[in-house]
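Enquirer: just coords:
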Ligand SMILES: Nc1ncnc2c1ncn2[C@@H]1O[C@H](COP(=O)(O)OP(=O)(O)O)[C@@H](O)[C@H]1O
Ligand SMILES: [Mg+2]
């Protein structure tokens, strides 16, 4: 069944963009029709990562009610999908657009939520996408909440910093429950033997993994060559035998069963 997946986290830098992009390419390579949205209006990333022709309209414009969703979608299947299809909606990375988006009021955000919710009909039903993936802003700001509310499933990504572990635990205890959505936890950048080593941070991480109400989707190790790639490599295409892709393949399957 078609799905909207929001990838969210408490802090920035946890790997949301890397995971969103690679998961999107992986589903496409399974022959699915996938749409990836950059909803991180504070730090738009996908446009600088992907080699795509420049776009006239951005998701910002769609949410502003300026254009139809079809106007903003850029087809990158030729470069990024061996099978299936991959279309991307970019967030406007200009300084002016970032400032404009951060100054939106509640009333605008309510309207934007309506526009996001209506995507489900236009994209999943009319345009026959199998998956829509939302790469979101970290934290509790309005645009992230809108993304979570419009999704069918939320993948919460936590890194191993203590502030990240504590923040994720707080969001699990106080936030995600409110939405009554399928939600899973992914621990990213986990280094070897972390959970079996003694220490305060390790204990908190263990508690998060073992005792929180969210199912653990996976633990993804920290790979130096991912860091070295500077976030621009789509591993499922360029390096399909990389252990990261094997794990991501498992993540994609687990998400389908949540
Ligand atoms: N498992 C991992 N191993 C090594 N580096 C990673 C891993 N996951 C993410 N990174 C790197 O961490 C940095 C931040 O990731 P990014 O996806 O931009 O985070 P976010 O979108 O949550 O801010 C990037 O340089 C990315 O390549
Ligand atoms: Mg990001």
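Expert: Good, I have the coordinates. Fair warning: this is a prediction, and the values are worked out from it, not measured in the lab. Ligands and ions are numbered 1, 2, ... in the order given.

Enquirer: what comes up buried for stretch 14-34?
Expert: Applying a neighbour-count criterion of 16 or more other C-beta atoms under 10 Å, one finds 14-30, 32-34 buried in stretch 14-34. Any C-beta I mention is one placed from the backbone N, CA and C, and that applies to glycine too.

Enquirer: same thing with stretch 44-63?
Expert: 44-47, 49-50, 55, 57-63.

Enquirer: just those residues now: which is nearest residue 149?
Expert: Nearest to residue 149 among the buried residues of stretch 44-63 is residue 63, at 13.9 Å by C-beta to C-beta.

Enquirer: I figured the closest one hits residue 114, correct?
Expert: No - using C-beta atoms under 8 Å as the test, residue 63 is too far from residue 114 to be in contact (9.6 Å).

Enquirer: the buried residues of stretch 14-34: which ones sit near ligand 2?
Expert: The subset of the buried residues of stretch 14-34 within reach of ligand 2, by C-beta under 5 Å from the ion, is 16-17.

Enquirer: just the buried residues of stretch 14-34: which are in helices?
Expert: Here DSSP state H is the test, and those give 16-29 as lying in helices.

Enquirer: where do the helices sit along the chain?
Expert: For the chain, applying DSSP H gives helices covering 16-29, 46-49, 59-63, 69-72, 77-80, 95-102, 106-119, 142-150, 162-171, 177-179, 200-211, 224-228, 235-238, 243-257.

Enquirer: spell out which parts of the stretch 1-150 of the chain neighbour ligand 2.
Expert: So far as C-beta under 5 Å from the ion goes, the stretch 1-150 of the chain lies against ligand 2 at 16-17, 45.

Enquirer: okay, the residues you listed in TSV with distance to residue 81 next?
Expert: Putting these into TSV (distance: C-beta to C-beta, whole Å) gives the following:
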residue	distance to residue 81
16	20
17	18
45	19
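
Enquirer: ok, which of the residues you listed also contact ligand 1?
Expert: 16-17 (C-beta under 6 Å from any ligand atom).

Enquirer: now the residues of the stretch 1-150 of the chain next to ligand 2 as CSV including distance to residue 161 and pLDDT?
Expert: Listed next are these as CSV, based on distance: C-beta to C-beta, whole Å; pLDDT from 0 to 100:
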residue, distance to residue 161, pLDDT
16, 15, 98
17, 17, 98
45, 20, 95
